[in-house]
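Trainee: all I have is the shape, not the residue letters:
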């Protein structure tokens, strides 16, 4: 049984999705979906343990051996991402659905769970597979269900947001498909490990350069890297908060994983950073993303939109880590992948909690909530501190590595920008806190916090941001191993 | 600038008590100055060993400080609600 | 090989540019979906065309084998999946457009954005 | 057991319980906390060190040595007196933030590594902010924001410096640093901001007078002395500090002489006193560092006393403008008397605390041949007699009667002022109480015949000079005005520049529009409104625009590949 864990990792949620549609009863479906997701988490954790203990796992799907068959390959990097995705999914799925945020009635909630499981299957599949075309397929599975999930938002703008996401996501996916085709044309293989051996002799050809450009731009769209992030703000703003929580914590992170995988495993460090000099373009774009995203967040009037723009800035941090192309930088990027997933997932759940009590996600409508919903808002404060990067939270750990990475390259300006954009984060987090705690309310509001069933998942994520801020063994430790593994002897 | 007020000892506040106080101050200064001739000095600078050096230094310093401060005021003084 | 010898690429590129151009320049959401389709089709054609081996035949092994050159079957198979993805995307896109039309009474992107702005 | 709690934590954690207590219990707890903390401090074994691992780096949040201890003692005294002084309030926010502020400042004194120091450093910044905001006026709110920005910048500089320093040396220890690298220079600047170095001092005279009655008392004790401690620890003997300190002592005296708001006058006087300490650190000899510590100790007490007295006046009369006060002696005799003790201390009158500490720094400067500095400091001492010795007391309590009649300060305020005054006097009479706490063995006797005679002369003649100057009309008269200082840069010049730039941009925009240069025009629009929800970068673009960007980026990557 245990040797089939890699296959189960994606097969379980994939098969469970149609079952949800058959079960139909909302309560029943919810329990079922929770169980399935938690099993996925158990599988992911045991895979990580296996990898940490015994090294890489290679699993030939259907018994067809690579490179002809599809190989599932788990190494330390994707085991780590699998754990993140499964963790976030496990927490989010346990969060009670709020009728007022969804456009479907309660008796059709099973559709939400079916979509959610499909999306999860896609994300886990992208991460675990060792086959490029398989990545594309899973990417489309997760993306299609994500478009639909966004479209479930009650606001009619959720529809246009979902549609924009669909068009842009498809452009991205198609770019990736072209890239894969070009690579296949040159090497005749789709297996990642096989590719990494067959590609080096033909790296000089224009076809490979083309493939590289298409793949990077394609994944950049999925990743919402500046300036291709335009689908993200509206999608997260008008989609249901729970969906925003899940997607912000996983979808962009998995895309980041794909980018890392492509750059370091498929094309290789020497090609990407020495011949193409990717950093020359990616580094400035990352810096701009950090500043522009944070600035835009400052001016937003809608808290979900604020968080969405903050995500763009944080994605900038991750790509920055990548473009620094050294051990500390890449560790910072990878560790931020995990840390930002926790923070942003938690913060969107906070918004979901808040929206169970107030009508609108506009920041003004949070006025005085600090007294009315103390636990919810305390969670926001803790998560916000994480975004800023106060020592003791996960945000600090990521930024620490990024700054070290920048200093290691002698890029003092970049290190400065990382710190400066933290200051911007102070401003946008403070804006919300000010409204929540320091607004003059005529009457002291009744205490009316979100139910425990909502607070518990929220605090699991928010608590984790503190826990992993202090105990960095699992996150930074594993990320550093993964970074060292990716860089190989390159740096 | 709106109202002005004589500080430290305005003319109109010169009561008998004030006059007595000032006379006492004068007396103290005189006594200290005279006494200084009989105190053994071991200052770090030569001028410190002169009798009454600290007294005259105080007098001089206060004068210079007040003059420079008045000068500074010409440059930096604005209405009280300047920043509002 | 001269420039024209790569005519399959020229077709692919032309289609791709047409698709992208429609996406960029047309406001009508249905037309955007069509542009997207053309864009996807160009990629599918690209994959299929690179599978062609000069002088090759359909990859069906004749009875008893034989010394035959086949075209590469793998891209065709992969493109079946890609076509399915494309159909699903189109379906979802059109479904969203129907909903957008119900909610806004328009499927012109600029008009929809205008309405959204007014709501802010 | 009680030693295991990091110093200061008693105040911080205890303060967090405060909101849940009610009535008398709350007040008892409030007063009890500094006492408990003080008791814990006396139990701390010197040389104690606590450390723990923080993702691979050993941190050392508690390190006890004599330099930390002397500051910690006076911080606890100040916390106690401030709390008693604030006892009449009905404002839990001020109590909690005040205690957290004091606690984190004390915690910072024991931070053995730069990261722990940074954490405490930022907590002091945030907690102290509420001492200003709690005044709940628009002016206080805005002054608080400016204060916050500068304090947080100090923290950011400290963090940046720490990281660079760590990259250089691989060590996070907070010991002697010296101006040796970019990293330590940044740390130096971070300390310098809080120590109110010239040009970095704007926040102090800007924010302290805007604080609440009790807030100014809290503020006067901790932030700047913490910076002095940090400088003494990290940069003792750094020569550049001598001129910096001398300039501080001098220019602040000028400003103090012409200031009308008496709490702002005290803020300047505080900067001037800090100048003495900075000189002491710069001189760096054992005597100088002892003097710095001693003077910090004494100045926390007498400066706190003066701020308390002015706070009491503000509390009762609603103003501290010199031009509106006078003749309050009849209404507030106790406050007047205790204020005189503070004035005597700052004027360094023999038998009061300033006399036994200030002269240590002066002597050290002279012994190390800083003659010019010595002269400047001496002049600043004479100036202190003028502005803090005479003017504060005279203008408020004894000057021409303005007809203000009010009650004496509340009992708790009188009690706190009495305590501070008693300490000022006790230190002056029995300097050995303080000398035994100092980091180095003290070989100094303030009560020599010549020293007392010199000091008495200086004071008496300064007073006489004041009288003469007034008679001659040369003394800067008190009048309602605002004196510009460095904060003008960011309160007036910067907003002005931004406005100017905005106007220029707008003009540029119209000029360009008229020429119909589409590209440039959109660039200007881009710069202008870009990030707002209606702006280009704050509002998602249409699908087409993003698709275009994707294509452009693709071209960029392709070009990179071919180039």
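Mentor: Nice, thanks for sending it over. These numbers were taken from a predicted model, which means no experiment stands behind them. Numbers count the residues shown, from 1 in each chain, chains lettered A, B, ... in the order given.
Trainee: relative to residue A:118, how far out is the most centrally placed residue in chain C?
Mentor: Centroid check for chain C by Cα atoms, centre = their mean gives residue C:40 as the closest residue, at 1.6 Å. Distance from residue C:40 to residue A:118, counting by Cβ to Cβ, to the nearest Å: 21 Å. All C-beta spots, glycine's among them, are computed from the backbone N, C-alpha and C.
Trainee: and for residue A:334, the neighbour number?
Mentor: 31 (other Cβ atoms under 10 Å in any protein chain shown).
Trainee: secondary structure class of it, three-state.
Mentor: Following DSSP: H, G, I helix; E, B strand; the rest coil, we place residue A:334 in the helix state.
Trainee: give me the phi and psi for the nearest residue to it once chain neighbours are set aside.
Mentor: Distances taken as Cβ to Cβ, 6 or more residues apart in numbering or on different chains put residue A:479 closest to residue A:334, at 3.9 Å, once the chain neighbours are dropped. Dihedral pair for residue A:479: phi -60, psi -40, per degrees, to the nearest 10.
Trainee: ok, now how distant is residue A:479 from residue A:286?
Mentor: On the measure of Cβ to Cβ, residue A:479 and residue A:286 end up 18 Å apart.
Trainee: wait, the residue nearest to the centre of chain C touches residue C:84, no?
Mentor: No - between residue C:40 and residue C:84 there is no contact under Cβ atoms under 8 Å: 11.4 Å.
Trainee: endpoints of stretch D:380-389, how far apart?
Mentor: 12 Å (Cα to Cα, to the nearest Å).
Trainee: strands of chain D, residue ranges please.
Mentor: D:49-54, D:57-63, D:478-479, D:482-483 (DSSP state E).
Trainee: no no, chain C
Mentor: In chain C, no strands are defined using DSSP E.
Trainee: point out the residues in it that sit beside chain D.
Mentor: C:20, C:23, C:24, C:25, C:26, C:27, C:32, C:109, C:110, C:113, C:117, C:120 (Cβ under 8 Å from any Cβ of the partner chain).
Trainee: please, a PyMOL command that selects the buried ones among those residues?
Mentor: In PyMOL syntax, the buried subset of the residues of chain C next to chain D is picked out as below (16 or more other Cβ atoms under 10 Å in any protein chain shown):
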select buried, chain C and resi 20+23+24+26+27+32+109+113
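Trainee: tell me which of the residues of chain C next to chain D is nearest to chain B?
Mentor: Chain B lies nearest to residue C:120 out of those, by Cβ to the nearest Cβ, at 33.7 Å.
Trainee: and the pLDDT at that closest one?
Mentor: Model confidence at residue C:120, given as pLDDT, is 67.
Trainee: likewise residue D:542?
Mentor: With respect to pLDDT, residue D:542 has a value of 72.
Trainee: chain neighbours aside, what residue packs nearest to the spatially most central residue of chain B?
Mentor: By Cα atoms, centre = their mean, chain B has its centre lying nearest to residue B:62, at 4.7 Å. Nearest non-adjacent residue to residue B:62, counting by Cβ to Cβ, 6+ apart: residue D:465, 3.5 Å away.
Trainee: do residue D:279 as well
Mentor: Residue D:279's closest residue in space is residue D:245 (Cβ to Cβ, 6+ apart), at 3.4 Å.
Trainee: I'd say the one you found and residue D:282 touch.
Mentor: Yes - contact status for residue D:245 versus residue D:282: in contact at 5.9 Å, counting by Cβ under 8 Å.
Trainee: what's the local residue count around residue C:103?
Mentor: Other residues close to residue C:103 by other Cβ under 10 Å number 17.
Trainee: got a list of contacts for stretch D:33-47?
Mentor: Here stretch D:33-47 makes contact (Cβ atoms under 8 Å, 6 or more residues apart in numbering or on different chains) with D:2-3, D:5, D:7-8, D:10-11, D:14-15, D:64-66, D:69, D:72-73, D:76-77, D:79-80, D:83, D:99, D:102-103, D:106.
Trainee: in ChimeraX, how would I select the buried members of the residues you listed?
Mentor: Applying 16+ other Cβ under 10 Å to those, the buried members can be selected in ChimeraX as follows:
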select /D:5,7,8,10,11,14,15,64,69,72,73,76,77,79,80,83,99,102,103,106
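Trainee: re earlier: show me the contacts for the residue nearest to residue B:62.
Mentor: B:58, B:59, B:62, B:63, B:66, D:382, D:386.
Trainee: now render the strands of chain D as TSV, adding mean neighbour count, mean pLDDT and distance to residue A:65.
Mentor: Output for these, formatted as TSV (neighbours: other Cβ atoms under 10 Å in any protein chain shown; pLDDT from 0 to 100; distance: least, Cβ to Cβ, whole Å):
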stretch	mean neighbour count	mean pLDDT	distance to residue A:65
strand D:49-54	14	72	45
strand D:57-63	19	81	46
strand D:478-479	22	81	94
strand D:482-483	20	84	83
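Trainee: before we move on, back to that, and which of the contacts of residue D:465 is nearest to residue D:346?
Mentor: residue D:386 (11.0 Å; Cβ to Cβ).
Trainee: circling back to that earlier point, gap between the residue nearest to the centre of chain C and residue C:34?
Mentor: Taking Cβ to Cβ, one finds residue C:40 at 11 Å from residue C:34.
Trainee: cool, residue D:154 as well?
Mentor: 59 Å.
Trainee: do the same with residue A:453
Mentor: Residue A:453 is 45 Å from residue C:34, by Cβ to Cβ.
Trainee: do the same with residue D:18
Mentor: Distance from residue D:18 to residue C:34, by Cβ to Cβ: 67 Å.
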